[in-house]
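> show me the folded form of this:
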Amino acid sequence: MTKLILEDQTYKLRGALFQVYRELKGSGISEAAWENALAIMLDEKQIPHKEQTPFSVHYKGVEVGRYYTDVIAWDNILLELKVLPEGLLPINVAQTISYLKVTGFPLALLVNFGAADIEIERVPNFIGERSQQETAKMNVAPANDLTNPELTYAIRAALFEVHRELGPGFIHYVYRRATQVELRERGIAFEFKEQIPVVFRSQVLEHIDCRLIVAENCVGVAPVALKEITSAHRQKLARYLRWLDLKIGLLANFYKPSLEIETIKR
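Residues are numbered from 1 along each chain as shown. Prediction:
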């Protein structure tokens, strides 16, 4: 019978997690409060731990942001805490895998205190296998009616590479910075627009925050991390395209296990 990695430590952590849950079940407290309660219990059980530890997120050797852990036990087990009434979802596992890649830890426990019963899922660090599986699923072919299809194809390929390398689970600016690194590596010229001037009769009315990547002066690229892309997000990108006189934009959502790219046209 194959022995589970870090089995003894995991057993002790599960005991602490169940005890916290039994004592606070139904309290309606926040994720931060559950984290504080768990820290108290780990202290009682003399399990070494740290909370909110920062880790640099690197993309191809460039630091693109930071990730803060929930709880680390024994310097090698990540505890990712959730309060989800609907229960754990595949996206929660995918995000945890991304965090294992950043930390380099061999194991994570994904814990949900918000459902009818506590959920504890072991997530081993099998990054190599994950990368091969995701690479096989990539489909970067652009739609046939796109303006400038060769450039759009190249940008889409860059976006898929960023998602394959980082995975889901980080905030917008991490994916924006990583996308710029990848475009630069592929020789695709771009400019990062933090603001756009709104002009009326040759007069600037105001500057609007946009944080848009403009590739080759013709394609607007908006990497985001959203639970869902709404009509408001599409309309916002369409406005940016109009103000910058661009014909096409790509709205790339990195939130989910599979990358979503929507094409927005003027």
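> which SS state does residue 206 fall under?
In three-state terms, and counting by DSSP: H, G, I helix; E, B strand; the rest coil, residue 206 is strand.
> is it true that it touches residue 196?
No - assessed by Cβ atoms under 8 Å, residue 206 is found out of contact with residue 196, at 9.6 Å. No exception for glycine: its C-beta is placed from N, CA and C like everyone else's.
> can you list the low-confidence ranges for this structure?
Scanning the chain for pLDDT under 70 picks out 1-3, 127-147.
> circling back to that earlier point, which of residue 206 and residue 196 has more neighbours?
residue 196 (18 against 10; other Cβ atoms under 10 Å).
> let's verify the more buried one: helix, strand, or coil?
strand.
> against residue 204, how distant is it?
Counting by Cβ to Cβ, to the nearest Å, the separation of residue 196 from residue 204 is 10 Å.
> do residue 26 as well
56 Å.
> go on, residue 23?
Between residue 23 and residue 204 the distance is 59 Å, computed by Cβ to Cβ.
> give me the three-state assignment for residue 100.
Classification of residue 100 using three-state DSSP returns helix.
> domain boundaries for this structure, per the record?
Domain assignment of the chain by automatic domain parsing yields the ranges 7-125, 134-265.
> how far off centre is the longest one?
Chain-centre distance of domain 134-265: 16 Å, with Cα atoms, centre = their mean, to the nearest Å.
> how many neighbours does residue 168 have?
Counted by other Cβ under 10 Å, the residues lying close to residue 168 total 21.
> hang on, isn't it packed against residue 227?
No - between residue 168 and residue 227 there is no contact under Cβ under 8 Å: 10.9 Å.
> so what's in contact with the two at the same time?
Common neighbours of residue 168 and residue 227 (criterion: Cβ atoms under 8 Å, 6 or more residues apart in numbering): residue 255.
> so residue 265 makes contact with residue 247?
Yes - using Cβ under 8 Å, residue 265 is in contact with residue 247, at 6.8 Å.
> would you map the helices across the stretch 1-150 of the chain?
Taking DSSP state H, counting those that start in this stretch as the test, the helices found in the stretch 1-150 of the chain are 7-24, 31-44, 90-103, 127-137, 149-166.
> and what of the stretch 151-266 of the chain?
Secondary structure of the stretch 151-266 of the chain (DSSP H, counting those that start in this stretch): helices at 172-185, 231-244.
> what's the first one in contact with?
Pointing back at helix 172-185 there. 57, 59-60, 62, 64-65, 155, 158-159, 161-162, 165-166, 190, 192, 211, 213, 215, 221, 223-225, 252, 254.
> quick check on these: which are buried?
Among those, those classed as buried by 16 or more other Cβ atoms under 10 Å are 57, 59, 64-65, 155, 158-159, 161-162, 165-166, 190, 211, 213, 215, 221, 223-225, 252, 254.
> I'd say residue 98 and residue 170 touch.
Yes - the pair residue 98 and residue 170 qualifies as a contact (Cβ under 8 Å) at a distance of 7.0 Å.
> count of residues packed around residue 69?
When counting by other Cβ under 10 Å, one arrives at 20 neighbours for residue 69.
> what sits against it?
Contacts of residue 69 (Cβ under 8 Å, 6+ apart): 50, 51, 52, 53, 55, 78, 80, 99, 103.
> among those residues, which ones are buried?
51, 78, 80, 99, 103.
> out of those, who's nearest residue 36?
Nearest to residue 36, judged by Cβ to Cβ, of the buried ones among the contacts of residue 69 is residue 51 at 8.2 Å.
> can you pull the contacts of the closest one?
35, 39, 69, 70, 71, 72.
> hmm, try it at 10 Å
Residues near residue 51 by Cβ atoms under 10 Å, 6 or more residues apart in numbering: 32, 35, 36, 38, 39, 42, 68, 69, 70, 71, 72, 79.
> greatest separation within these: which pair is it?
Greatest spacing in the contacts of residue 51, by Cβ to Cβ: 42 and 68 (17.7 Å).
> neighbour count winner among the two?
More neighbours surround residue 42 than the other of residue 42 and residue 68, with 22 against 10 (other Cβ under 10 Å).
> excluding covalently adjacent residues, which one is nearest to that one?
With sequence-adjacent residues excluded and distances taken as Cβ to Cβ, 6 or more residues apart in numbering, residue 42 is closest to residue 49, at 4.6 Å.
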